[in-house]
Structures are given as structure tokens and as C-alpha cells.
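Asks: coords please:
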Amino acid sequence: MGSALNNNRQILAALNPYFDQIYVLTLPHARDRQKSVEKLMGGLNWRFFFGVDQQNMSMEQVIEQGIYDDEAHRSTKRTHRSMRLAEVACALSHRAMYQDAVDHQYEKVLIFEDDVLPCYDKLEHFADMIAQLPNDWDLIMFGYYGEKRPSLKSRLQQQTYKVFRKLHLGNWHLVNKRWLEKLCMVHYSPDFFHIGKVLGAHAYAVNLQTAKNFIAYQTPIKLQADRVFNYFLSEHELKAFAPKHPLFTLSELSKISSIQT
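Replies: Numbers count the residues shown, from 1 in each chain. Just a heads-up that it's a prediction; the model follows:
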């Protein structure tokens with residue numbers, strides 16, 4: 001047991017030299033989650049970053065004060081639905097971490113949410129994997145789900161959505177054309193894809209310029225924290241990558257409650 005724990009700590013410690021700051025987003029009252037992070041993430045030089053609690057705001061407040069742009073959000077959605085207050089709070093929390101990185105001029109930061117779970121067997125190969133990426137990467141999605149991997153099924157779905165968009169079916173005409181073009185992941189290297197559509201903000205890294213770009217893009221808030229990656233990519237150039245096998249996933253705590261729910 002002790003040797004396995006020490007081995008896991010060494011595996012995670014190998015990430016430390018690569019990042020100027022490692023954040024774990026949490027809320028002050030989320031002690032169970034913080035204890036889980038302390039147990040699972042030993043070896044990493046992370047610090048807790050206390051985010052925005054939805055209990056301290058109202059939807060009326062964030063709209064009236066221009067914190068959240070409901071019209072801009074609904075214009076991007078086929079369903080026209082508004083963001084939930086918890087989603088606004090989560091997006092504000094991620095933006096606050098970007099701002100902290102900019103304030104301290106951190107060149108590369110690694111961001112986790114407090115329901116993260118390391119995949120130690122995949123992380124053993126971190127050094128070899130990260131060497132495959134260009135030094136000037138903008139975004140790395142170390143954990144994600146809901147992706148469209150390169151496959152015949154994904155390409156057929158993509159083409160179907162394009163037809164729907166052209167025919168104004170299912171409100172697909174509201175979707176950015178380049179978002180559809182970037183829907184599927186694309187092979188980049190033996191261990192990495194160029195990102196396509198990805199969900200999840202529980203484990204990712206950004207550089208300083210990307211942090212600045214995401215702050216501007218999310219002021220006021222118009223998207224959920226984990227939707228920023230795809231939508232920004234559809235409007236701007238972004239050197240964004242994801243390992244073919246995620247290095248971090250979600251712990252069982254994510255099924256109980258979450259930063260985003």
C-alpha cells in the first residue's frame with residue numbers, strides 16, 4: 001500500500017516542473033472534495049482556489065449587473081436555453097483563475113476541479129507524451145468526455161448536422177459553421193489529437209496568452225466553463241490538444257455534487 005502511494009506521488013510530481021501554477025477549484029464548504037484531492041493528488045504542488053458560490057448571487061443580479069449576457073448565450077444554443085445560476089458561478093470561477101494567472105504572469109497553468117481523479121497508469125508516460133507537443137501550445141485538455149473521435153460514425157454525424165444547418169432544421173442554422181467544421185478530433189501525434197468538441201473542465205492547462213484571451217471572451221459570461229474551448233476555437237486560431245486517452249477523469253464525488261451543479 002505504502003509503495004503504491006509513493007509511486008503515485010512520484011508519477012504526479014513529474015508534472016510540477018512543467019507548470020508555473022497548479023490550481024484546484026473548490027468552494028469553502030466542500031471539505032469532502034478537498035480531502036479527496038489531498039488524498040489523491042499528493043506529489044503535485046497545487047493550491048486550492050476558492051471559486052464563486054451561486055448561493056451568494058441571483059440570476060437577476062448577474063443579468064442586471066452585466067455579469068452574464070443571457071442574450072449572447074441563448075444565441076449560441078439551438079435550444080435557446082439560458083445558463084443556470086450554478087453554471088454562471090462555475091464560469092466566473094474559471095475566469096477568476098485565468099485572471100489570477102495573468103496577475104502573476106504565470107506562463108503555463110494547470111487547472112483542476114475538485115472532483116478530479118488521476119489516471120496514474122496513463123500519467124506514467126507524461127514526459128514522453130508532452131514532448132510530442134509544440135512548446136507554444138495554447139490549451140491542453142488532460143481530461144474530457146463527450147468527444148467526437150475520428151471515425152466514420154462521427155463524420156457522418158458531422159455531415160448530417162451540416163445538412164440540418166443548411167436546411168434550417170432543428171435550429172442548427174444558429175450553430176457557427178466553423179464549430180461544425182471543428183466538431184471531430186483530428187490525429188496530431190501518436191498520443192494526441194487536435195481537439196474537436198470536448199466537454200469537461202476538470203483537468204486542463206492554458207498558457208498566459210490563452211488565459212488573457214479567455215478572460216476577454218468570457219467578459220461578460222456567455223458560455224459554460226467547458227464550452228469556451230470549442231466556441232473559442234470556432235472563432236479564433238488555437239493550438240489546442242487532447243491526449244487520446246485522458247490523463248484525468250472524474251471521481252465518484254462528481255455523481256454526488258459538482259462545482260457546476
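
Asks: show residues contacting stretch 226-240.
Replies: For stretch 226-240, contacts defined as CB atoms under 8 Å, 6 or more residues apart in numbering pick out 76, 91, 94, 134, 136-141, 176, 178-179, 181-182, 194-201, 204, 210, 213-214, 217-218, 223. Backbone N, C-alpha and C define where each C-beta goes, glycine included.

Asks: go again with 6 Å.
Replies: Identification of contacts with stretch 226-240 by CB atoms under 6 Å, 6 or more residues apart in numbering yields 137-139, 176, 178-179, 182, 195, 197, 199-201, 214, 217, 223.

Asks: most widely separated two among those?
Replies: Based on CB to CB, the longest span within those runs between W137 and N176 and measures 23.1 Å.

Asks: neighbour count: those two, which is higher?
Replies: Remark: of W137 and N176, W137 carries more neighbours, 18 against 15, as counted by other CB atoms under 10 Å.

Asks: follow-up on the earlier one: list just the nearest of the contacts of stretch 226-240 to E64.
Replies: L223 (19.7 Å).

Asks: beta partners for the closest residue to W46 other than its chain neighbours?
Replies: Nearest-residue entry for W46: I22, 4.0 Å, with adjacent residues in sequence omitted and distances by CB to CB, 6 or more residues apart in numbering. Beta-bridge partners of I22, counted by DSSP bridges, are W46, L110.

Asks: can you list the domains in the chain?
Replies: Segmentation of the chain into domains, based on automatic domain parsing, reads 2-145+191-255, 148-184.

Asks: so of those domains, which one's packed in deepest?
Replies: Of all these, domain 2-145+191-255 has the most neighbours on average by mean count of other CB atoms under 10 Å, namely a mean of 18.

Asks: for it, what is the average pLDDT?
Replies: Taken as a whole, domain 2-145+191-255 has an average pLDDT of 96.

Asks: just the strands in the protein please.
Replies: Here the chain has its strands, by DSSP state E, at 21-26, 46-50, 108-113, 116-118, 139-141, 186-189, 192-194, 203-207, 240-243, 248-250.

Asks: ok, which of these comes nearest R33?
Replies: Closest approach to R33 among the strands of the chain is made by strand 21-26 (5.9 Å; CB to CB).

Asks: so how far is that closest one from its chain's centroid?
Replies: For strand 21-26, the separation from the chain centroid amounts to 13 Å (computed by CA atoms, centre = their mean, to the nearest Å).

Asks: name the helices or strands packed onto it?
Replies: Applying 3 or more CB pairs under 6 Å, 6 or more residues apart in numbering; DSSP states H and E, one finds that strand 21-26 makes contact with helix 31-40, strand 46-50, strand 108-113.
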